[in-house]
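[1] Dropping the sequence and predicted coords here.
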Amino acid sequence: MAKSKTQFSCSSCNAQFSKWSGRCENCGEWNTIVEEAPFGAGPAGSSLGAVKGRRIELSDLRTEEAPPPRTLSGVKELDRVLGGGLVPASAILVGGDPGIGKSTLLLQAAARFARQGVKTIYVSGEEASAQVRMRAQRLGLTESPVLLAADTNLRDILTTLEAEKPKLAIIDSIQTMWSDSVASAPGSVSQVRAAAHELTTFAKRKGMAIVLVGHVTKDGQIAGPRVVEHMVDTVLYFEGERGHQFRILRAVKNRFGPADEIGVFEMTGRGLAEVANPSALFLADRGAPTPGSVVFAGIEGTRPVLIELQALVAPSPHSQSRRTVVGWDSGRLAMILAVLESRCGIPFAGLDVYLNVAGGMKISEPAADLAVACALISAREDSALPAETVVFGEISLSGALRSVSQTENRLKEAQKLGFTSAIAPKGGKSAKVEGINLNRIGDLASFVGEVFGA
Ligand code: TYD
Ligand code: MG
């Protein structure tokens, strides 16, 4: 029998190693490598010669089968992120920082689905049932037909699920669950992986949708949600800044819908409220035109969203100037600064640069390049852009502006919110939207000349 070997894995990204080290070679995190209980070897001679093994020709798969019926929760922001409602027998992971509002969101979702006739059970491993009930009271959900269970033992939970046969089970959180067949402590990589595996396979077999809640952890003592990402169909992250009211539910993986879709919520005294028009919310705090402030017409998932970018440029008192970014990629900022310097002759050496995406939003679209460049120049030149202008476009290393997708949708959103002009790259499909004066520019140097007269 093969000797079972000790394994090490990263509790942040789930990479596997044969040796321990202080830093994960895969994701670069420190102190996240942990030892795992060894896998037991299977029964002798089990590797080949199994009698059960089946194959099926791809062409035999019937294509005309109807897609599975989905259930809408009635919360549009949630249904959209799920790709158009809850898919039966699907496994969903909801990750996020502790205290961001995951339990609140899922208790509200559970109540909504239960009211739609989906038999729902909410299993809390973190709070006693009485506490969950108190939260439900605060959220005004006490009348909802949701079943509650407070448990952490996987065997007990599976027995409950087997007996109750719900159509939706919510496990809050996967890190508190433990299986007595795994030797290590609850929250360890082996426990989290084993619990997630058992729960998802059980749910699939029984045709039940399952939601696993996972805390994002920084110190690596407890396995993060990344460990289970590959086992589920849909991965949602609940994001937001603690100081800000609103929260963003983002699909980072979805087998049943577009990834990158977002749902926007506001945390209120009575739970999470949907935000149907996020652009209006993101722009709510904008005052008179200020240097460094630019509105970016972005696309998040399938939806256009207007977001304010703010830049501040100040002489640096230090020998090494600062580059601080919140809500955008710092590597991308370095690239834009380099392009501005070498293609447009606008140096930032000796200047501290701060870039902030207003409201705690995170942007990953390259289409934000031009808006960022615009905010940087505006801050540096102390020259404000007219308030009713939106900007979007990708910048290449040559300084050329590249067209981006969905120009028309971006312009329509801008028009809806009272903007009257837009600056975008030349090329791509032409788009015309009534009430928006579209200025198409070919490269960054002409942009600087036209917009800032430099
Ligand atoms: P919670 O859902 O417990 O977070 P998580 O499960 O992600 O750890 O939310 C905790 C925070 O939300 C807490 O700081 C209080 C706040 N909150 C409200 O502001 N309003 C509410 O109605 C509720 C239930 C919570
Ligand atoms: Mg919680």
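    Arrived safely. Numbering: from 1, shown residues only. Ligands and ions are numbered 1, 2, ... in the order given.
[2] wait, isn't residue 251 in contact with residue 258?
    Yes. With contact defined as Cβ atoms under 8 Å, residue 251 reaches residue 258; the gap is 7.2 Å. Just so you know, the C-beta spots here come from the backbone N, C-alpha and C atoms, and that holds for glycine as well.
[3] Report the set of residues contacting both of the two.
    83, 301 (Cβ atoms under 8 Å, 6 or more residues apart in numbering).
[4] Quick check on the two: which one has the bigger neighbour count.
    residue 251 (23 against 13; other Cβ atoms under 10 Å).
[5] residues contacting the more buried one?
    Per Cβ under 8 Å, 6+ apart, neighbours of residue 251: 81-83, 234-236, 257-262, 301.
[6] Please repeat the previous calculation with a cut-off of 10 Å.
    Contact partners of residue 251, counting by Cβ atoms under 10 Å, 6 or more residues apart in numbering, are 80-83, 92, 234-237, 257-263, 301.
[7] ditto for residue 421
    385-386, 388-391, 411, 414, 435-439.
[8] bridging residues for it?
    Counting by DSSP bridges, residue 421 is bridged to residue 389, residue 437.
[9] any idea of the pLDDT on it?
    With respect to pLDDT, residue 421 has a value of 96.
[10] so where's the stretch 101-250 of the chain uncertain?
    For the stretch 101-250 of the chain, residues meeting the criterion pLDDT under 70 lie at 219-222.
[11] Residues of this structure that sit close to ligand 1?
    By Cβ under 6 Å from any ligand atom, the residues of the chain that approach ligand 1 are 96, 98-104, 135, 138-139, 267, 269-271.
[12] Where neighbours are concerned, which of these has the most?
    Highest neighbour count within those: residue 102, with 25 neighbours (other Cβ under 10 Å).
[13] re earlier: only the buried members of the contacts of residue 421: can you turn that into a PyMOL selection?
    Selection of buried members from the contacts of residue 421 for PyMOL, criterion 16 or more other Cβ atoms under 10 Å:
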select buried, resi 385+388+389+390+391+411+414+436
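[14] among the residues of the chain next to ligand 1, which two are most distant?
    Spanning the widest gap among the residues of the chain next to ligand 1 are 98 and 270, at 21.3 Å by Cβ to Cβ.
[15] coming back round to it: just the buried subset of the contacts of residue 251, please.
    For the contacts of residue 251, a burial check counting by 16+ other Cβ under 10 Å picks out 80-83, 92, 234-237, 257, 260-263, 301.
[16] Residue 379: which of these is nearest?
    Nearest to residue 379 among the buried ones among the contacts of residue 251 is residue 262, at 27.4 Å by Cβ to Cβ.
[17] For residue 235, see how far away the closest one is.
    Per Cβ to Cβ, to the nearest Å, residue 262 is found 13 Å from residue 235.
[18] Are there residues contacting both of those two? Which ones?
    Common neighbours of residue 262 and residue 235 (Cβ under 10 Å, 6+ apart) are 250-251.
[19] now the end-to-end length of stretch 428-440.
    Start to finish, the residues bounding stretch 428-440 are 10 Å apart (Cα to Cα, to the nearest Å).
[20] And residue 102, how far from residue 173?
    For residue 102, the distance to residue 173 equals 8 Å [Cβ to Cβ].
[21] Check residue 94 too.
    For residue 94, the distance to residue 173 - Cβ to Cβ - is 9 Å.
[22] same question, residue 260
    Counting by Cβ to Cβ - residue 260 and residue 173 are separated by 24 Å.
[23] thinking again about what came up before, closest to ligand 1 among the buried ones among the contacts of residue 251?
    Ligand 1 has its nearest neighbour among the buried ones among the contacts of residue 251 in residue 237, at 11.3 Å by Cβ to the nearest ligand atom.
[24] Does the closest one touch residue 96 like I think?
    Yes. Counting by Cβ atoms under 10 Å, residue 96 is a contact partner of residue 237 at 5.9 Å.
[25] now the residue of the stretch 251-400 of the chain found nearest ligand 1, nearest residue through space, not along the chain?
    Among the residues of the stretch 251-400 of the chain, residue 271 lies closest to ligand 1, at 4.1 Å counting by Cβ to the nearest ligand atom. Nearest non-adjacent residue to residue 271, counting by Cβ to Cβ, 6 or more residues apart in numbering: residue 139, 4.2 Å away.
[26] Which residue ranges of the stretch 351-454 of the chain form helices?
    Per DSSP state H, counting those that start in this stretch, the stretch 351-454 of the chain carries helices over the ranges 369-381, 407-416, 444-452.
[27] and what of the chain?
    76-81, 102-115, 129-138, 154-164, 189-206, 226-229, 278-282, 330-344, 369-381, 407-416, 444-452 (DSSP state H).
[28] Just the CA trace of the second one, in CSV.
    Listed next in CSV are the C-alpha coordinates belonging to helix 102-115 (Å, rounded to 0.1, in the frame of the first residue of the first chain):
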residue,chain,number,x,y,z
LYS,A,102,-23.3,38.3,4.5
SER,A,103,-25.6,36.8,7.2
THR,A,104,-28.0,39.8,6.8
LEU,A,105,-28.1,39.4,3.1
LEU,A,106,-28.7,35.6,3.2
LEU,A,107,-31.3,35.8,5.9
GLN,A,108,-33.2,38.3,3.8
ALA,A,109,-32.7,36.2,0.7
ALA,A,110,-33.9,33.1,2.6
ALA,A,111,-37.1,34.8,3.6
ARG,A,112,-37.7,36.0,0.1
PHE,A,113,-37.2,32.6,-1.5
ALA,A,114,-39.3,31.0,1.2
ARG,A,115,-42.1,33.4,0.4
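[29] before we move on, back to that, and the residue nearest to residue 271, what does it touch?
    Shown in contact with residue 139 (Cβ under 10 Å, 6+ apart): 104, 107-108, 111, 270-272.
[30] ok, back up a step: and the two most separated of the contacts of residue 421?
    385 and 435 (18.4 Å).
[31] how far away is residue 130 from residue 71?
    Per Cβ to Cβ, residue 130 is found 29 Å from residue 71.
[32] So for the two, which sits in the more crowded spot?
    The neighbour count for residue 130 versus residue 71, taken as other Cβ under 10 Å, is higher for residue 71 (20 against 10).
[33] which residues touch the residue lying closest to the more buried one once chain neighbours are set aside?
    Sequence neighbours aside, residue 86 is the residue nearest to residue 71 in space, at 4.7 Å (criterion: Cβ to Cβ, 6+ apart). Taking Cβ under 10 Å, 6+ apart, we find residue 86 in contact with 68-73, 78-79, 92, 109, 113, 116, 118, 167-168, 209, 211, 234, 256.
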